[in-house]
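>>> The sequence and its predicted three-dimensional model are supplied below.
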Amino acid sequence: LGCWPLAVAVAHGRARDCCGDVRLVSFSSGADTLEYAQYSAHINSAYAARHGYTFTSETLESLQRRVQAEPRLAVEGFGEAVHPAWHKLDVIYEHLQEQALVRQAREGDSMDSASKVDIVMWLDADAIVNNHDVSMPALLGPWPAVDLLLCSDHAQQVYFGRPNSGVQVWRNTEWSRRFVAEWRRLALESDYRWRHPWEQEVLQQLLQSGLRQDEGHTESLAFNVTHLQVTQHVAVLPAVTFNTPPFPGSVLSNHRADAFVFHAAAMNSRQRLVIFKACAAEYDRQKQASSGSADAAVGFRVDPSWLQDALLAHYVEAVKTEPSAASYNALGMTYYFLGRSEEAETAVEKAAELDYTHRYALNLGVLQSNNGRFKESADTFSRLMEETSVYKWRAGPFSRFPEGSGFGDGNVDTLLTMATVFYRAGRWAQAEIVAREYQQRRSTDVRIYRLLASIISTYGCNLVPRDGEAKLLIQQALRIEPSDEATWTLAHSLASAPPLQHCKDGRNL
């Protein structure tokens, strides 16, 4: 799907308002989140007010009070202990249900066929509406039959089965309420009730299952979702549509100056606080400057260049006043988000020298790999696995990370990077061990099947017959994403490759 030209769509949206009650909703928990959420809420509530929408930032306490007052607002499973990330579904369902009850009282059972459909837009607390000119009709116009709009979790490509759940736009239909309820119910059954990435992983599995069922692949499904018909009701759009990381030099995004929503994903709480506080101050400055003038109707927008300067200046000063490992690491990761990879590596290397903990060493290894230094990165990751309790493992060609090693789910995504680095550095046995560990935790990620197929096609072992493994891995990847071009390219490459070369001892470490 292409990216709708929002600058053009603004005029279309104003010409025909297709929406009824429009609500922007968010959720905050924990002192760190609440600290920066006050500034993102300041901006998002201003956008909502400009268009006649409402903005509500919920807490667990406010949710509980509203459900006690009206029990019909509670989704199944509300009140059960889950990770706070799952509460976004409690908030979404609560507002969808409240809209439905109000409309039903007014219009009866025909509410879903009304000409103006109610809308709920979910925003993570680390997301702000940047372009205040864009309206909901402008955003929804190209997809009149879609109930749920999402953006891809991948900055450059769009995979239906890999959306990001940080920003969601819902048309309030019976299907939407049923889907949220089903998604939330799975929190109580899923391994991701407490594991990162929580509700996003389950959403991806739901969409992947729906896609595979539509294409006739009914084996090894995460969920049976035939009754939900997800591919008919969901659209996954390019990240730049309404889920854009904020900096033009960022390795995570294709930046657009007129981006509708900025999402500070993968940043830490301190970085979010710095940029959202600066954004809130800039909004107030622009509002005051345009007050009483003909330009007052122009929507708020942030120039990312000064936002970068504000963030960088904060951490440069922090290193001067407190030259600790934490300060150097924060400076390095700020350079990373700005796309200044060499400076990022230098700063994080200094952090690792001062304090060789898994966090700093992990960041260093990632940055070295991003800069193409795979041998150095592999050395960093090897030392990390040997010396830190989080990644400590048992040596051997077919060993796994031991149970109870302290391995955290928040580090799972880095396993894919580590496995890729070992592969690129020619340490194939290590690559397979780490890749298998990632596969155990992310069994629906096509990338791990491609990587394992590449590893096995490069290095085999005479202890185990392996010639058919790469083909089976490719088949598994295509069941998950049947139209994935990268998988098909690898499949054609392997089909024309010579037989596997077997190593002598099964290690090649």
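Sure thing, it's come through.
>>> which stretches of this structure have low pLDDT?
Scanning the chain for pLDDT under 70 picks out 1-18, 108-115, 155-157, 216-222, 246-257, 292-299, 302-306, 388-411, 459-467, 497-509.
>>> how does it look with 50?
For the chain, applying pLDDT under 50 flags the ranges 1-17, 111-112, 114, 251-254, 294-298, 392-410, 461-463, 500-509.
>>> Please name the bridge partners of the residue nearest in space to the middle of it.
In the chain, the residue lying closest to the centroid (CA atoms, centre = their mean) is Asn164, at 4.0 Å. Here Asn164 sits in beta bridges with Cys151, going by DSSP bridges.
>>> From His95, how far off is it?
Using CB to CB, to the nearest Å, Asn164 is found at 20 Å from His95. The way it works is simple: take the backbone N, C-alpha and C, and place the C-beta from them, glycine included.
>>> circling back to that earlier point, thinking the residue nearest to the centre of the chain is in contact with Gln200, fair?
Yes: counting by CB atoms under 8 Å, Asn164 does reach Gln200; the two are 6.9 Å apart.
>>> Quick check: neighbours shared by those two?
Asp153 (CB atoms under 8 Å, 6 or more residues apart in numbering).
>>> how about the strands in this structure?
Per DSSP state E, the chain carries strands over the ranges 19-27, 54-58, 117-123, 127-129, 148-152, 163-171, 234-237, 261-263, 460-461, 502-503.
>>> The fourth one packs against which elements?
Right, the one you point to is strand 127-129. helix 31-51, strand 261-263 (3 or more CB pairs under 8 Å, 6 or more residues apart in numbering; DSSP states H and E).
>>> most packed of the ones you listed?
For these, average neighbour numbers computed from mean count of other CB atoms under 10 Å are highest in strand 261-263, which has a mean of 27.
>>> now the helices: where do they sit in the stretch 101-250 of the chain?
136-140, 174-185, 199-214, 230-233 (DSSP state H, counting those that start in this stretch).
>>> Nearest approach to Ala326 belongs to which of those?
Closest approach to Ala326 among the helices of the stretch 101-250 of the chain (CB to CB): helix 199-214, 27.7 Å.
>>> and the angle for that closest one with strand 148-152?
Interaxial angle of helix 199-214 relative to strand 148-152 (axes from the mean of the first three to the mean of the last three CA atoms, to 10 degrees): 110 degrees.
>>> helices or strands next to helix 199-214 in the packing?
Short answer (3+ CB pairs under 8 Å, 6+ apart): helix 199-214 packs on strand 163-171, helix 174-185, helix 230-233, strand 234-237, helix 469-480.
>>> Phi first, then psi, for Asn224.
phi -90, psi 110 (degrees, to the nearest 10).
>>> so what's it closest to, chain neighbours aside?
What sits nearest to Asn224 in space, not counting adjacent residues and going by CB to CB, 6 or more residues apart in numbering, is Ser209, at 7.2 Å.
>>> quick one: contacts for Arg23?
Contact analysis of Arg23 by CB under 8 Å, 6+ apart lists Tyr53, Thr54, Phe55, Thr56, His95, Gln99, Asp118, Ile119, Val120, Met121.
>>> what does Val75 give?
Leu89, Asp90, Tyr93, Glu94, Gln97, Val180, Ala181, Arg184, Arg185.
>>> One more pass at 7 Å, please.
Going by CB atoms under 7 Å, 6 or more residues apart in numbering, Val75 touches Leu89, Asp90, Tyr93, Val180, Ala181, Arg184.
>>> Likewise for Trp143?
By CB under 7 Å, 6+ apart, the neighbours of Trp143 are Leu149, Ala235.
>>> and it, what are its phi and psi?
The phi/psi pair for Trp143 (degrees, to the nearest 10) is phi -130, psi 70.
>>> From Ala235, how far out is it?
5 Å.
>>> tell me, what's touching those two both at once?
Leu149.
>>> okay if I get the helices and strands packed on strand 127-129 as JSON lines plus distance to Val316?
Below are those laid out as JSON lines (distance: least, CB to CB, whole Å):
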{"stretch": "helix 31-51", "distance to Val316": "20"}
{"stretch": "strand 261-263", "distance to Val316": "22"}
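>>> on that earlier part again, which two of the contacts of Val75 have the greatest separation?
Maximum distance among the contacts of Val75 (CB to CB): 10.6 Å, for Asp90 and Ala181.
>>> just to revisit the earlier point, among the strands of the chain, which is nearest Arg447?
strand 148-152 (14.0 Å).
>>> quick one on the thing from earlier: which one's more surrounded, Asp90 and Ala181?
Between Asp90 and Ala181, counting by other CB atoms under 10 Å, Asp90 is the more crowded of the two (26 against 17).
>>> pretty sure the more buried one contacts Leu63?
Yes: taking CB atoms under 7 Å as the definition, Asp90 is a contact partner of Leu63 at 5.7 Å.
>>> shared neighbours of the two, anything?
Counting by CB under 7 Å, 6+ apart, nothing touches both Asp90 and Leu63.
>>> one step back: a markdown table for the contacts of Arg23, including neighbour count?
Formatted as a markdown table, those follow (neighbours: other CB atoms under 10 Å):
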| residue | neighbour count |
| --- | --- |
| Tyr53 | 19 |
| Thr54 | 13 |
| Phe55 | 21 |
| Thr56 | 18 |
| His95 | 26 |
| Gln99 | 22 |
| Asp118 | 24 |
| Ile119 | 24 |
| Val120 | 24 |
| Met121 | 25 |
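>>> returning to that earlier point: among the helices of the stretch 101-250 of the chain, which comes closest to Glu437?
Nearest to Glu437 among the helices of the stretch 101-250 of the chain is helix 199-214 (16.3 Å), distances taken as CB to CB.
>>> Strand 163-171 and that closest one, what's the angle between them?
Angle of helix 199-214 versus strand 163-171, following the same axes, to 10 degrees, is 80 degrees.
>>> and helix 199-214 with helix 174-185, angle?
Using the same axes, to 10 degrees, helix 199-214 lies at 120 degrees relative to helix 174-185.
>>> Helix 199-214: which residues count as buried?
If you call a residue buried by 16 or more other CB atoms under 10 Å, then helix 199-214 has these buried ones: 199-213.
>>> Next: stretch 372-387.
Arg373, Phe374, Glu376, Ser377, Ala378, Asp379, Thr380, Phe381, Ser382, Leu384, Met385.
>>> if we take these, which one ends up nearest to Phe262?
Among the buried residues of stretch 372-387, Ser377 lies closest to Phe262 (CB to CB), at 29.9 Å.
>>> about what we covered before: residues touching the residue nearest to the centre of the chain, list them.
Cys151, Ser152, Asp153, Gln200, Asn243.
>>> Looking at those residues, state which has the most neighbours.
Asn243 (29 neighbours).
>>> Verify the contact between that residue and Phe260 for me.
No: judged on CB under 7 Å, Asn243 makes no contact with Phe260 at a distance of 8.7 Å.
>>> Show me the common contact partners of these two, please.
Common neighbours of Asn243 and Phe260, counting by CB under 7 Å, 6+ apart, are absent.
>>> how about the helices and strands packed on strand 127-129, which one is nearest Gln288?
helix 31-51 (12.6 Å).
>>> residues in contact with that closest one?
24, 26, 28, 54-55, 57, 123, 125-129, 132, 135, 269, 272-273, 276-277, 279-280, 283, 299-300.
>>> Drop anything exposed from those residues.
24, 26, 28, 55, 57, 123, 125-129, 132, 135, 269, 272-273, 276-277, 279-280, 283, 299-300.
>>> any idea which of the buried residues of stretch 372-387 is closest to Ser493?
Distances from Ser493 to the buried residues of stretch 372-387, taken by CB to CB, are shortest for Phe374, at 20.5 Å.
>>> Just list the residues touching that closest one, thanks.
With the criterion set at CB under 7 Å, 6+ apart, Phe374 makes contact with Val421, Arg424, Ala425.
>>> quick revisit: can you tell me which of the buried residues of stretch 372-387 are in helices?
Of these, the ones assigned to helices by DSSP state H are Phe374, Glu376, Ser377, Ala378, Asp379, Thr380, Phe381, Ser382, Leu384, Met385.
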